[in-house]
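Novice: Show me how the following folds:
(chains A and B)
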2 protein chains.
Amino acid sequence: MNYKFSDKFVRLKPSAIREIFKSLGTPGSISFAAGNPNPESFPVAEMKRFADEIFENEPVAALQYGITEGYGPLRELITARLKRVYNIGAPDDDLIIVTGGQQGIELSCKVMCGEGDVVLCENPSFIGALNAFRSLGAKLAGVPLDGDGINLEALEQALKDTPRAKLLYTIPTFQNPAGITTSLEKRRAVLGLAKKYDILILEDNPYGDLRFSGKDVPTYKSMDAEGRVIYCGSFSKILSSGMRIGFLCANKALIAKTVVAKQVEDVHTNCLFQMICAKYLSECDLDAHIAGIRELYRKKAGLMLDALDRFMPREVSFTRPEGGIFLWCTLPDGVPLGEFVRRAGDKNVFVVPGTAFTADPDEPSQSFRLNYSMPTDEEIVKGIKILAEIAKDMIAKA
Amino acid sequence: MNYKFSDKFVRLKPSAIREIFKSLGTPGSISFAAGNPNPESFPVAEMKRFADEIFENEPVAALQYGITEGYGPLRELITARLKRVYNIGAPDDDLIIVTGGQQGIELSCKVMCGEGDVVLCENPSFIGALNAFRSLGAKLAGVPLDGDGINLEALEQALKDTPRAKLLYTIPTFQNPAGITTSLEKRRAVLGLAKKYDILILEDNPYGDLRFSGKDVPTYKSMDAEGRVIYCGSFSKILSSGMRIGFLCANKALIAKTVVAKQVEDVHTNCLFQMICAKYLSECDLDAHIAGIRELYRKKAGLMLDALDRFMPREVSFTRPEGGIFLWCTLPDGVPLGEFVRRAGDKNVFVVPGTAFTADPDEPSQSFRLNYSMPTDEEIVKGIKILAEIAKDMIAKA
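Specialist: Down below sits the predicted model:
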């Protein structure tokens, strides 16, 4: 039969990245397209032991329905860690466990934005968030990124032009896809604009723990005196992405509504991994574990930057991230991005074109995203060489 | 600050049942309020062993991102089981793993219903589904239930009166909260009406495996020749509710849209439990396991019905379920339900008032739901005696 889908879903397509991810079986292929953590970052032995202990001593708590807010001990441990590491947590704040940061992003928009309300976002930004907003009938208004974060003039103009702006979605630290970090000065200015135009900030910080050079910049949430910031965190990049554990920290009135929204979405996040996560936080040294991941990614990012410096023609520019898992390359004008990505794919090297990250899906792009957390060291050097050869050839012909 | 929530969330409240569930710590309290499976139904030893094997042999598959559609082997095993047990599965059908049946229900509405579209539902019905529809801006139109399923005349009238009706949400087998099963004749007639008025049927079947008397009735999906039925299944009542594994089986065009919707909600369902579930389905005898649960619930339902027959005044009527985990009691007119539920609570016996299940939240009710899967045998007899005493007293005074 002929289905009449909700108008929100008629045009919405699966994420280009996740579609690439599915087709990555080919032997010898090199993927810079993923957003996956390196499997070396999974503390397998500890998780195995904790799962075993839980099935032995508390099986019913792991297998029975839990409460929507999340497993109590885990909520307390995360709250304490947020305070200690990020100085996050006002007396009026509360915390809910969600099924990965993705759910935290989606629920925040669901609770705040009615049909036709506008979410401002960095342009480019994380496709999963943009599609979540679209799926809820929110409109997107993209604001260009500079090297030190969102462009302030463009942001203020967008706020003036958009009376129904409700939320600014931002990944201030090691942004996806651009890899850049918003400066402290800019964060203060953005908070000021949010106050002036009375919008909320949704701060998505899945990579914040993964700094391997430079100095930490305070989160928006740590500077939030009035409950204007919703902080979305995740264990996907530091413990496991498959376990689907994230959290939101925000004013308790906001969290109370989010509990209602989550209840009707999946009742609660799976209990076993919440319990494993709590055991990990209370019995292991997460900071030491994270230090190991930082070192791994520092080496891989360094290797990729070194290969880019050595092989890539100087007409191709790229960001130099201080953490996270992505960098962002830009081809010179006149070199068609689509053809570049296709030719790379023909040589079994996969990158994500910038067009996958634009607020307006029809907006052209000259950039592509490179991931360095997943490929082997050998793949990084070999893959960048291949990309550089294609770029050279296309620049010569442009 | 003063938050302006989405209009869909301004009035939406947490589920009354899940709120009761949270306050159930009191020692000596007897809860007939839950919708939980009995912990004896969890195959703890097998799950422990499978988790151990997975962490030993395939840790990366369990801890890395997976694909949105779900773990391939599990999808195949469920597809085969649906065909074998329920004769479900047309050549054009596909299957997606979801984070519990709740997500399957929510996603189905999200994909099909735009703002203001109408979901028809049995009245009373499952509060979690009704709130999911409300949270998406869909309107609800409740259709009264008879003892053998939805009232056909009222359904046809509602279809005539509701040009924007898009979906009929039904729990045809061991309905929640009423415990009744829709007859085969009625299912055929409902399918005919769905075709005549061109709406889809969302068949929610979390209890279908739990028949302990009477004969199986074919599912809507098994009689669906044209892709009009979305079938929602769950492992919550037969393996574990905390693991959050459910599935949708529907025409592949519908499933393709559902994949997009799920991707932006939680990327994918947690991998470890999908793998545990697949191991259980391939290495254990799920049918034998289910037979054990049926026997347990047959005894508990029998005990509760026996206590109701013996102690409850005859003015109170109740359903006699042939499976599932609920029965539905109705007080005579003139006995105020709110006061009855409150007095029961004062005696530490918890039931859910029928007002929690009505399509129109302001609609009055004379009924309450009793769960028999969770309480001990002793609690069932003791609790029903207490409820009967209160009913007697209130009837005498009415």
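Novice: Pop the domain breakdown of chain A in here.
Specialist: Annotated domains of chain A cover A:7-42+A:288-397, A:44-283 [automatic domain parsing].
Novice: can you redo these as TSV with mean neighbour count?
Specialist: In this view, the C-beta of every residue, glycine as well, is placed from N, C-alpha and C. Output for these, formatted as TSV (neighbours: other Cβ atoms under 10 Å in any protein chain shown):
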stretch	mean neighbour count
domain A:7-42+A:288-397	18
domain A:44-283	22
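Novice: least reliable of the ones you listed going by mean pLDDT?
Specialist: Among these, domain A:7-42+A:288-397 carries the lowest mean pLDDT, at a mean of 93.
Novice: And chain B, is that domain touching that?
Specialist: Yes: counting by Cβ under 8 Å from any Cβ of the partner chain, chain B is contacted by domain A:7-42+A:288-397 at A:7-9, A:12-15, A:18, A:21-22, A:34-37, A:39, A:42.
Novice: so how far is the first residue of that domain from its last?
Specialist: Domain A:7-42+A:288-397 stretches 43 Å from its first residue to its last (Cα to Cα, to the nearest Å).
Novice: for stretch A:47-65, same thing?
Specialist: So stretch A:47-65: terminal residues 21 Å apart, Cα to Cα.
Novice: Could you do stretch A:159-175 as well?
Specialist: 21 Å.
Novice: can you check stretch A:315-330 too?
Specialist: Stretch A:315-330: ends 9 Å apart by Cα to Cα.
Novice: Please state the offset of the one helix or strand residue A:392 maps to from the chain centre?
Specialist: Taking DSSP states H and E as the definition, residue A:392 sits inside helix A:377-397. Relative to its parent chain, helix A:377-397 has a centroid offset of 27 Å by Cα atoms, centre = their mean, to the nearest Å.
Novice: again with stretch A:182-189
Specialist: Using Cα atoms, centre = their mean, the offset of stretch A:182-189 from its chain centre is 19 Å.
Novice: Then stretch A:125-140?
Specialist: With Cα atoms, centre = their mean as the basis, stretch A:125-140 stands 13 Å off its chain's centre.
Novice: ditto for stretch A:99-114
Specialist: That offset, for stretch A:99-114, works out to 13 Å (Cα atoms, centre = their mean).
Novice: C-alpha coordinates for that stretch, PDB please?
Specialist: Provided in PDB are the C-alpha atoms of stretch A:99-114 (Å, rounded to 0.1, in the frame of the first residue of the first chain):
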ATOM      1  CA  THR A  99      20.200   6.100  26.100                       C
ATOM      2  CA  GLY A 100      23.400   7.700  24.700                       C
ATOM      3  CA  GLY A 101      24.000  11.400  24.200                       C
ATOM      4  CA  GLN A 102      21.900  11.200  21.000                       C
ATOM      5  CA  GLN A 103      18.800  10.700  23.200                       C
ATOM      6  CA  GLY A 104      19.800  13.600  25.400                       C
ATOM      7  CA  ILE A 105      20.000  15.900  22.400                       C
ATOM      8  CA  GLU A 106      16.700  14.700  21.000                       C
ATOM      9  CA  LEU A 107      14.800  14.900  24.300                       C
ATOM     10  CA  SER A 108      16.000  18.400  25.000                       C
ATOM     11  CA  CYS A 109      14.600  19.600  21.700                       C
ATOM     12  CA  LYS A 110      11.400  17.600  22.100                       C
ATOM     13  CA  VAL A 111      10.700  19.100  25.500                       C
ATOM     14  CA  MET A 112      11.500  22.700  24.500                       C
ATOM     15  CA  CYS A 113      10.600  23.100  20.900                       C
ATOM     16  CA  GLY A 114       7.100  23.100  19.500                       C
END
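Novice: what about that stretch and chain B, any contact?
Specialist: Yes: applying Cβ under 8 Å from any Cβ, one finds stretch A:99-114 in contact with chain B at A:99, A:100, A:102, A:103, A:106, A:110, A:111, A:112, A:113, A:114.
Novice: just to revisit the earlier point, okay if I get the domains of chain A as a markdown table plus distance to residue B:327?
Specialist: Compiled in a markdown table, the domains of chain A are given as follows (distance: least, Cβ to Cβ, whole Å):
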| stretch | distance to residue B:327 |
| --- | --- |
| domain A:7-42+A:288-397 | 38 |
| domain A:44-283 | 20 |
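Novice: Of all the ones you listed, which one is nearest residue B:381?
Specialist: Nearest to residue B:381, of all the domains of chain A, is domain A:44-283, at 23.3 Å by Cβ to Cβ.
Novice: got the end-to-end distance for that closest one?
Specialist: Its first and final residues considered, domain A:44-283 spans 15 Å by Cα to Cα.
Novice: can you give me the offset of it from its chain's centre?
Specialist: So, by Cα atoms, centre = their mean, the centroid of domain A:44-283 is 9 Å from its chain's centroid.
Novice: Give me the sheet partners of the longest strand along chain A and which way each runs.
Specialist: Looking across chain A with DSSP state E, the single longest strand is strand A:139-146. Strand pairing for strand A:139-146, using DSSP bridges, gives strand A:118-123 (parallel), strand A:149-150 (antiparallel).
Novice: what's the closest of those to residue B:292?
Specialist: Comparing the strands paired with strand A:139-146 under Cβ to Cβ, the one sitting nearest is strand A:118-123, at 49.8 Å.
Novice: Now tabulate the strands paired with strand A:139-146 in CSV and tack on distance to residue B:176.
Specialist: Putting these into CSV (distance: least, Cβ to Cβ, whole Å) gives the following:
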stretch, distance to residue B:176
strand A:118-123, 36
strand A:149-150, 48
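Novice: Which among these is found nearest to residue A:84?
Specialist: Per Cβ to Cβ, nearest to residue A:84 of the strands paired with strand A:139-146: strand A:149-150, 25.6 Å.
Novice: Alpha carbons of the longest strand of chain A, in PDB - could you do that?
Specialist: C-alpha atoms of strand A:139-146 as PDB (Å, rounded to 0.1, in the frame of the first residue of the first chain):
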ATOM      1  CA  LYS A 139      13.500  24.600  12.000                       C
ATOM      2  CA  LEU A 140      17.300  24.900  11.800                       C
ATOM      3  CA  ALA A 141      19.300  28.200  11.500                       C
ATOM      4  CA  GLY A 142      23.000  27.600  10.900                       C
ATOM      5  CA  VAL A 143      25.500  30.100  12.100                       C
ATOM      6  CA  PRO A 144      29.000  30.000  10.600                       C
ATOM      7  CA  LEU A 145      32.000  28.800  12.600                       C
ATOM      8  CA  ASP A 146      35.200  30.700  12.900                       C
END
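Novice: Any chance you could list what contacts that strand?
Specialist: With contacts defined as Cβ atoms under 8 Å, 6 or more residues apart in numbering or on different chains, strand A:139-146 is touched by A:116-125, A:130, A:133-134, A:150-151, A:154-155, A:158, A:162, A:164-165, A:175, A:178, A:180, A:358-360, A:363.
Novice: So the nearest residue to residue A:89 once chain neighbours are set aside: helix, strand or coil?
Specialist: Leaving aside its sequence neighbours, residue A:89 sits nearest to residue A:83 (Cβ to Cβ, 6 or more residues apart in numbering or on different chains; 4.7 Å). What DSSP: H, G, I helix; E, B strand; the rest coil gives for residue A:83 is helix.
Novice: any idea how far residue A:83 lies from chain B?
Specialist: 22 Å (Cβ to the nearest Cβ, to the nearest Å).
Novice: contacts for the helix holding residue A:392?
Specialist: Contacts of helix A:377-397 (Cβ under 8 Å, 6+ apart): A:30, A:32, A:299-300, A:303-304, A:307-308, A:311-313, A:315-316, A:331-332, A:335-336, A:339-340, A:343-344, A:347, A:349, A:351, A:372, A:375.
Novice: What about these, which are in helices?
Specialist: A:299, A:300, A:303, A:304, A:307, A:308, A:311, A:339, A:340, A:343, A:344 (DSSP state H).
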